[in-house]
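K.L.:
Kindly return the folded structure for what I paste below:
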Amino acid sequence: MLGRRRPAVHNIEQMTAFLRLAETLEKLADRLDEACAAIDAGQRAQVFELLQQSAARKAEIAELQAHRSRPKPGEQQALAPRVRAATARIARANDMLERFQQAEQAAEQWLSASHWNIERDILILVGDGALLDCRALIARGQKRIFVLGDQQVADWPTGAQRVASLRELIDRLQLLEPPFPSHATTRAASGAQLPTGQCEQISAAVDQCLRSRKTRDRTVAGFGEHWVTQGLSNLDALARLPSMTVTKDAFFDVPCVLVGPGPSLENNISQLARYRDRFVLVAYQRTLAALSAAGIDADVAVVLDAQPVVYDHVKDYAVERLAALLLAATCDPRFFSLPAPTSFAFFGNGASDDWLRQMVGDDSTHFFPGGSVACAAFEIALYWGCAPLILVGQDLAFGGEKLYATSAFGGQASRMKAGADQATYSAEQVDGAQRRSAEGLPLCRLPGYYGGEVLTSASMAGFHRWFETAALDIAAAERRIPLYNCTEGGANIAGFANRPLADVLAALPSLEIDVKRVFAERAASADLPKRRSTIELTRAGALIACQRAQSLAQRCLELAERNALAELANLENQLIAALRELPMLSLMRQGPIRQALAQIDDHQRAATLLYRVVLEAMPLLLRYLQSRDRPE
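P.N.:
Presented below is the predicted three-dimensional model:
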């Protein structure tokens, strides 16, 4: 009898060990579940605390498993389900905890570079599962994070912005407030599985965007005042023109040919005449002369550039033969007097036009053409819903020494010449009576349409990257839009199929719509009385704000010079409120404002400089706000 009892005691001990194992596994599962809940809630400190507590449980489990014998099946039956359930919970929790730890390690690695500035530089995360990465980065002080493509999270932490597409990312970067980033890096979210090369493609597009943004900022510094004064001069004309908003999807699934003035245009322009009834033809201002010489009527002409010389590109063209003339809101005021059957206004300078869009009360989309009328026309064709999109004369490169097709405006006399070092070039551009020459310009190289490399300018290389970025974005969208590069020369544009123009046009059916009638009907639907009323109200408000800002700036300057700081604080707040009503001021005086703000060690000096900037700019603003251009 005694010999039979000893195994029973042994079994009880084993049963007790197995029970302790089950209970400890359950306690560990509880702790890990709490850690996962803390991860979901973004409570990083609590996660680390719970992981420390879990480490002790894991050690206890290892000890129990090392010193116990396996109980008999009958004895295990009552506890095995508890062990299995706890083990499954632990496995699920470990998956999330592993992702959490990966994100923490990745954040530490990404921000470890000595050159990285967490306040200024930009980190772009691509793919699903980026939330943990964002939290780890933000906890380490990273201020600027963009998440591309992760649609699983509704609310992102402050400092992280989700964008649905590469195009939206580029748009957000174009709107980026100072300080300007020195670096931007693109990373796959921890655990995300991405197609080979996707991060590299996005990184290249971002780098090009930031380079073009720097160029745009220099352009704003040089032309900001010109844009503002011409925009204000055009207010009454804008009150008479419908917004591009009414043309949204006007030509859905209608083929569109966008004709540029590149050197290769001469090789296939005749094909446009042969198949002219099969597409909407959109021309850039410099291309109109070439089309006219070939006896081809464009449906649409697009004018973007604000420089007065651009008027010479169009003034002798029979614009009454167009279906529509599309005018950037800041272009030369003389364009608004041309007798086109229908004209529309659009805002083609991105965020730099926001002040004018607000004055006009226009809710049309932003266009970010990067300084190129070709890119603006392409975005407009997308806005209309056109498909396929067909590029012609879009060389984005020099043709030997040619800048443009010979028959394009200024094409015969405009020339470039590569330097002996093949790294720079000189150029002479002729626009009517105006001649511009430059030397020592950087010479760039792009992959050629027929292979090899072609020579181009830095600006055209930037436009080339813009088109490739647009193609990437279109390829990622739900709607498939065929893209053809039928230039038959110049640079190859990744994402566009290279095809002979004749082959693409021959495959198109004849149009069953009257393009001119579509534009006329869309224009008639615009609420022009509301547009005029909005402009009158915003103009009056801006005038009052100008007069108030001028008076307050003068008083602030006097107080600052007397060092009357107590009185100055209240008036300065009033001046700031008045200037919020005048966003065009920062566009007009970007350079002087930045110089003033650079005086970070001397607030009083910086403030005094800003008061002077306001006082210097107000007379000009008042003059243009008070000027009228009413039709007789």
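
K.L.:
Would you list the phi and psi of Arg144?
P.N.:
Note on Arg144: backbone dihedrals following degrees, to the nearest 10 are phi -120, psi 110.

K.L.:
Please enumerate the helices of the stretch 201-350 of the chain.
P.N.:
Taking DSSP state H, counting those that start in this stretch, the helices of the stretch 201-350 of the chain run over residues 235-240, 265-274, 288-293, 311-314.

K.L.:
So which of the ones you listed is nearest Thr608?
P.N.:
For the helices of the stretch 201-350 of the chain, the distance to Thr608 is smallest for helix 235-240, at 32.6 Å, taking Cβ to Cβ. Yep, even glycine has a C-beta here, placed from its N, CA and C like the rest.

K.L.:
What is the distance between the closest one and the centre of its chain?
P.N.:
28 Å (Cα atoms, centre = their mean, to the nearest Å).

K.L.:
now it: mean pLDDT?
P.N.:
Averaged across helix 235-240, the pLDDT comes to 94.

K.L.:
Give me the next element, helix or strand, following the helix or strand of the chain with the lowest mean pLDDT.
P.N.:
Within the chain, confidence by mean pLDDT, DSSP states H and E is lowest for helix 73-76 among all helices and strands, at a mean of 56. Downstream of helix 73-76, the next assigned helix or strand under DSSP states H and E is helix 80-110.

K.L.:
Quick check: buried residues in that following helix?
P.N.:
For helix 80-110, a neighbour-count test (16 or more other Cβ atoms under 10 Å) marks 82-83, 86, 89-90, 93, 96-97, 99-104, 106-107, 110 as buried.

K.L.:
thinking again about what came up before, please tabulate the helices of the stretch 201-350 of the chain in a markdown table and include mean neighbour count as additional columns.
P.N.:
What follows is the helices of the stretch 201-350 of the chain, written out as a markdown table (neighbours: other Cβ atoms under 10 Å):
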| stretch | mean neighbour count |
| --- | --- |
| helix 235-240 | 20 |
| helix 265-274 | 18 |
| helix 288-293 | 21 |
| helix 311-314 | 20 |
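
K.L.:
Which among the ones you listed is found nearest to Arg562?
P.N.:
Nearest of these (Cβ to Cβ): helix 235-240, 39.2 Å.

K.L.:
Can you show me the CA trace of the closest one as CSV?
P.N.:
Extracted in CSV, the C-alpha atoms of helix 235-240 (Å, rounded to 0.1, in the frame of the first residue of the first chain):
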residue,chain,number,x,y,z
LEU,A,235,-9.2,91.5,-60.5
ASP,A,236,-11.9,93.1,-62.7
ALA,A,237,-11.1,90.8,-65.6
LEU,A,238,-11.2,87.8,-63.3
ALA,A,239,-14.7,88.9,-62.2
ARG,A,240,-15.8,88.5,-65.8
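
K.L.:
Please tell me how far Ala184 sits from Asp473.
P.N.:
18 Å (Cβ to Cβ, to the nearest Å).

K.L.:
got the contact list for Pro442?
P.N.:
Ala423, Thr424, Ser457, Ala458 (Cβ atoms under 8 Å, 6 or more residues apart in numbering).

K.L.:
Go again with 6 Å.
P.N.:
Pro442 makes contact with Ala458, according to Cβ atoms under 6 Å, 6 or more residues apart in numbering.

K.L.:
Mind telling me what element it is part of?
P.N.:
Using DSSP H and E, Pro442 falls within strand 434-447.

K.L.:
In its sheet, which strands sit next to that strand, and in what direction?
P.N.:
Sheet pairing of strand 434-447 (DSSP bridges) gives strand 424-431 (antiparallel), strand 453-457 (antiparallel).

K.L.:
Using TSV, lay out these together with mean neighbour count, distance to Ala617 and mean pLDDT.
P.N.:
TSV is the format used below for these (neighbours: other Cβ atoms under 10 Å; distance: least, Cβ to Cβ, whole Å; pLDDT from 0 to 100):
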stretch	mean neighbour count	distance to Ala617	mean pLDDT
strand 424-431	17	30	86
strand 453-457	19	34	94
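
K.L.:
quick one on the thing from earlier: tabulate the helices of the stretch 201-350 of the chain (TSV), appending distance to Glu26.
P.N.:
Putting the helices of the stretch 201-350 of the chain into TSV (distance: least, Cβ to Cβ, whole Å) gives the following:
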stretch	distance to Glu26
helix 235-240	71
helix 265-274	76
helix 288-293	79
helix 311-314	79
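
K.L.:
Quick one: closest of the ones you listed to Pro179.
P.N.:
Closest to Pro179 of the helices of the stretch 201-350 of the chain is helix 235-240 (Cβ to Cβ; 33.1 Å).

K.L.:
tell me what the closest one is packed against?
P.N.:
Other helices and strands packing on helix 235-240, by 3 or more Cβ pairs under 6 Å, 6 or more residues apart in numbering; DSSP states H and E, are helix 528-561.
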